[in-house]
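**Student:** pasting a predicted model and its sequence here:
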Amino acid sequence: MSGVLLFGLQLQCVHSQHINRQKNKTNKIIPFEGASNTTHRKRLKNLGKNLSDNFCESSNNILNSNSSELIGVTLKINDQLYYLCFKEDDSEKKLHAEAVVQQLDQHNISQSGYRSLARLEPNLPRENITSNVKKEITNLMNTEIPINPINVYSQTIVENDNNDNETEEHHDLDIELENEIINAQGQGGYRSIKKILTFVIKMLINQKVLDYSLDDKIHIRVSGDGRNVGKKIKHVMITFAIMNDRKTIFLPDHHYCLVLYSGIEKYEYLQKALLPLINELDDINKNGFTDSIGQKWRIITYFSSDWKFLSICLGINNATANHFCPWCLCSKSDHSKLELEWNVSKKMEIINSNYQAYPGHKYLPLFFMIPLTHWVPDELHLMLRITDRLWSLMLSETKYQSSDQIREQIKKEMIRIGVHFEFWQSTDSRSWNYTSLMGGDKLKVLKNYNLESVLPENRAIIIRQLWDDFDDLYTALQDPMTDPIVFKSQAKLWLTKFLTPSMGDPRKKNYIKGLYTNNDVTPYIHVLVHHMYEFMVIHHDYGIKAFTCSPVEKKNHIQISKYFRKTLKDGGREKKSYN
């Protein structure tokens, strides 16, 4: 039986009623704020099409111009901004997205944070676009400059190696994260220096920094830095920079990371981690480097780091040993013999053939292809360590360990010069410890601290003169226009003043107290007085400051900060900050 016949749907009266209802029906449009996102997009597209059609006619009638274009329109609906784009170049769109991705990475902006920004600023690329660009960049880098895994530990390592390392504590680590990092000890990654050079040389040629027709030499500086992130967490980084690019040599982003592993600075571990880099450096030093367009460049290599890292890579004793100097045969007992001249007398060729030919050398150098005159002391750590010694020697003359008044006076003076400084008492030895100053604060103390606030006037004047003279030496060391011979003479005079002996009988009134003794001379003071002028002569083209490890230290700090920043953990949501 037919349903149409059963319900009478074929009747003319039913059909007439249906027609009348359609005529009387009014089209009701759902309000914009109540519509779905899909409906929003459809309506905005229709609006854009109408605007585009009307613009063509209106521009001819009103503007009387055939070259006008409608690029975009910004609308505000219910406090929400919408951007209608009428013309967009794909290449410009991609460049814009890449620039946005770069800023997201540099400033550690999470995905959820970017979504919030994109809702406020309609001109920003959508999250799916930036995500695709990130994937493209990652895939490209994994293909062109892959990160190769390394493991420097053959077994579980439990060692305490905090001496002379920069420490950057992150106290609020949760147990899960700390255990994860500890379990990863010894693991790391290596990137090929040849593959990085291929990219960087092309960029520097385009920037007119390198010109093969004028100079076919590329000067490469290798550096290394180890850092204690916490009591159980340490990592080591090795970088290189192209010194031809003088404008960016002090920027951390232009010191390219080659090796990064979680662990300590130790010869055996560095030997494993650096093996691929050593082989590549040896090859390009001997045979040169051929870039992507077939130009063969001569490679000149240098090495610069703090004393500990340099001595490990050179295979020599540490700074506290009797034969401590990487460049000469001076021993600790020879510090006070001002009549002796110490020059860079060791030869890398001799060390490579028989490293035991010089006292104090324990292993073959890791970077055996770099001449010893190209192992340049770091002027930053030279300033830091000598300032540490001057400060500790001055404090030892005060009664800060037994006098609350002296400690308060020291803190008051530190506040005056704008330096945060605290004392605290050790629970086991009951001795008083004090804040370890950072580089900028050390310079403030060196230049501005009023020694008369804690020392007798005559003594304060003598020590202040010694401090000022060292400050002048450090300033001259950084100036490429400084005469090395004059610097050598001034440094020798400073050491003479540093070792001023006492005069007279301590039991009589005519006794004049001297300054410091041979035991107070540090390896960095030896280098300042006897070797820095030589390196100023050898490397006058770039200057000593070009070998500073300040950008490498900064790069290491940035990498640590990025790792522990909360936005890198689950988009920064529901996890406490690791800042």
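**Tutor:** Received, thanks.
**Student:** what lines up beside the longest strand along the chain in the sheet?
**Tutor:** Identified as the longest strand of the chain according to DSSP state E is strand 217-228. Paired with strand 217-228 in the same sheet, following DSSP bridges, are strand 166-167 (parallel), strand 234-242 (antiparallel), strand 296-305 (parallel).
**Student:** for that strand, which residues meet the burial criterion?
**Tutor:** Using 16 or more other C-beta atoms under 10 Å as the test for burial, strand 217-228 gives 218-228. Glycine gets a C-beta too; all of them are placed from N, C-alpha and C.
**Student:** which single one of those is nearest to Tyr400?
**Tutor:** Nearest to Tyr400 out of these is Asn228 (C-beta to C-beta; 26.5 Å).
**Student:** from memory the closest one sits against Ser262, does it?
**Tutor:** No - counting by C-beta atoms under 8 Å, Ser262 is not a contact partner of Asn228; they are 11.7 Å apart.
**Student:** find the residues that touch each one of the two.
**Tutor:** Applying C-beta atoms under 8 Å, 6 or more residues apart in numbering, one finds that Asn228 and Ser262 are jointly contacted by Lys234.
**Student:** help me confirm that Gly250 is found in a helix?
**Tutor:** If you look again at residue 250, you'll see it is Phe, not Gly. No - per DSSP: H, G, I helix; E, B strand; the rest coil, Phe250 lies outside any helix segment and is coil.
**Student:** ok, and the closest non-adjacent residue to it?
**Tutor:** Spatially, and ignoring its direct neighbours in sequence, Phe250 is nearest to Pro551 (5.5 Å; C-beta to C-beta, 6 or more residues apart in numbering).
**Student:** for that neighbour, give me its contacts.
**Tutor:** Going by C-beta under 8 Å, 6+ apart, Pro551 touches 241, 249-252, 254-255.
**Student:** now, of these, which are buried?
**Tutor:** Buried residues within those, counting neighbours by 16+ other C-beta under 10 Å: 241, 249, 252, 254-255.
**Student:** rebuild these as CSV, extending it with pLDDT.
**Tutor:** Converted to CSV, the buried ones among the contacts of Pro551 look like this (pLDDT from 0 to 100):
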residue, pLDDT
Ala241, 96
Ile249, 94
Pro252, 93
His254, 94
His255, 95
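**Student:** check which helix or strand covers Gly189.
**Tutor:** Following DSSP states H and E, one finds Gly189 within strand 187-190.
**Student:** average pLDDT across that strand?
**Tutor:** Averaging pLDDT along strand 187-190 gives 90.
**Student:** what's the first helix or strand after that strand?
**Tutor:** By DSSP H and E, the next helix or strand past strand 187-190 is helix 193-206.
**Student:** for that following helix, what is the average pLDDT?
**Tutor:** 94.
**Student:** one more: stretch 348-359?
**Tutor:** On average, stretch 348-359 scores 94.
**Student:** mean neighbour count, the strands paired with strand 217-228: which tops it?
**Tutor:** Stretch with highest mean neighbour count among the strands paired with strand 217-228: strand 234-242 (a mean of 23; mean count of other C-beta atoms under 10 Å).
**Student:** just list what the helix or strand that it is followed by packs against, helices and strands only.
**Tutor:** Downstream of strand 234-242, the first helix or strand assigned by DSSP H and E is strand 256-262. In terms of contacts (3 or more C-beta pairs under 8 Å, 6 or more residues apart in numbering; DSSP states H and E), strand 256-262 is packed against strand 187-190, helix 193-206, strand 234-242, helix 267-273, helix 550-564.
**Student:** now the third one and strand 256-262, what's the angle there?
**Tutor:** On the basis of axes from the mean of the first three to the mean of the last three C-alpha atoms, to 10 degrees, strand 234-242 is oriented at 170 degrees to strand 256-262.
**Student:** how many other residues sit next to Gly288?
**Tutor:** Neighbour count for Gly288, taken as other C-beta atoms under 10 Å: 15.
**Student:** for the residue lying closest to it once chain neighbours are set aside, what are its contacts?
**Tutor:** Nearest residue to Gly288, sequence neighbours excluded (C-beta to C-beta, 6+ apart): Lys296, at 4.9 Å. Contact partners of Lys296, counting by C-beta under 8 Å, 6+ apart, are 216, 288-290.
**Student:** about what we covered before: would you mind listing the buried residues in the strand holding Gly189?
**Tutor:** Under the neighbour-count criterion of 16+ other C-beta under 10 Å, strand 187-190 has 188, 190 buried.
**Student:** what are the pairing partners of it, and which direction each?
**Tutor:** strand 148-151 (antiparallel), strand 256-262 (antiparallel).
**Student:** Lys49 is nearest to which of those?
**Tutor:** That would be, of these and by C-beta to C-beta, strand 256-262, which comes in at 49.6 Å.
**Student:** neighbours around the closest residue to Ala357 other than its chain neighbours, how many?
**Tutor:** Leaving aside its sequence neighbours, Ala357 sits nearest to Ile350 (C-beta to C-beta, 6+ apart; 5.2 Å). Other residues near Ile350 come to 13 when the count uses other C-beta under 10 Å.
**Student:** just checking, Ile350 touches His361?
**Tutor:** No - with contact defined as C-beta under 8 Å, Ile350 does not count as touching His361 (9.9 Å).
**Student:** how close does His374 get to Ile316?
**Tutor:** Distance, His374 to Ile316, using C-beta to C-beta, to the nearest Å: 16 Å.
**Student:** more neighbours, the two?
**Tutor:** Taking other C-beta under 10 Å, His374 and Ile316 do not tie; Ile316 has more neighbours (25 against 21).
**Student:** does that one really touch Leu364, like I thought?
**Tutor:** No - contact status for Ile316 versus Leu364: not in contact, 11.0 Å apart, counting by C-beta under 8 Å.
**Student:** just give the closest residue to Asn518, not the sequence neighbours.
**Tutor:** Excluding its sequence neighbours, the residue lying closest to Asn518 (C-beta to C-beta, 6+ apart) is Ser336, at 3.7 Å.
**Student:** now that neighbour: phi and psi?
**Tutor:** In terms of degrees, to the nearest 10, the main-chain angles of Ser336 are phi -80, psi 0.
**Student:** how close does it get to His526?
**Tutor:** Distance from Ser336 to His526, by C-beta to C-beta: 11 Å.
**Student:** more neighbours: these two, which one.
**Tutor:** Neighbour count, other C-beta under 10 Å: between Ser336 and His526, His526 has more, with 21 against 16.
**Student:** packing partners for the strand or helix carrying that one?
**Tutor:** Per DSSP H and E: His526 is located in helix 523-530. Packing partners of helix 523-530 (3+ C-beta pairs under 8 Å, 6+ apart): helix 379-397, helix 484-498.
**Student:** please point out which parts of it sit buried.
**Tutor:** Within helix 523-530, the residues scored as buried using 16+ other C-beta under 10 Å are 523-530.
**Student:** save the residues you listed as CSV, and put in pLDDT and distance to Ser131 too.
**Tutor:** Below are the buried residues of helix 523-530 laid out as CSV (pLDDT from 0 to 100; distance: C-beta to C-beta, whole Å):
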residue, pLDDT, distance to Ser131
Pro523, 94, 52
Tyr524, 96, 49
Ile525, 96, 55
His526, 95, 55
Val527, 96, 51
Leu528, 96, 53
Val529, 95, 57
His530, 95, 57
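**Student:** so who does the residue lying closest to Leu51 once chain neighbours are set aside touch?
**Tutor:** In this structure, Leu51 finds its nearest non-sequential neighbour in Val73, 6.4 Å apart by C-beta to C-beta, 6+ apart. When contacts are counted by C-beta under 8 Å, 6+ apart, Val73 is found next to 48, 51, 83-84, 86.
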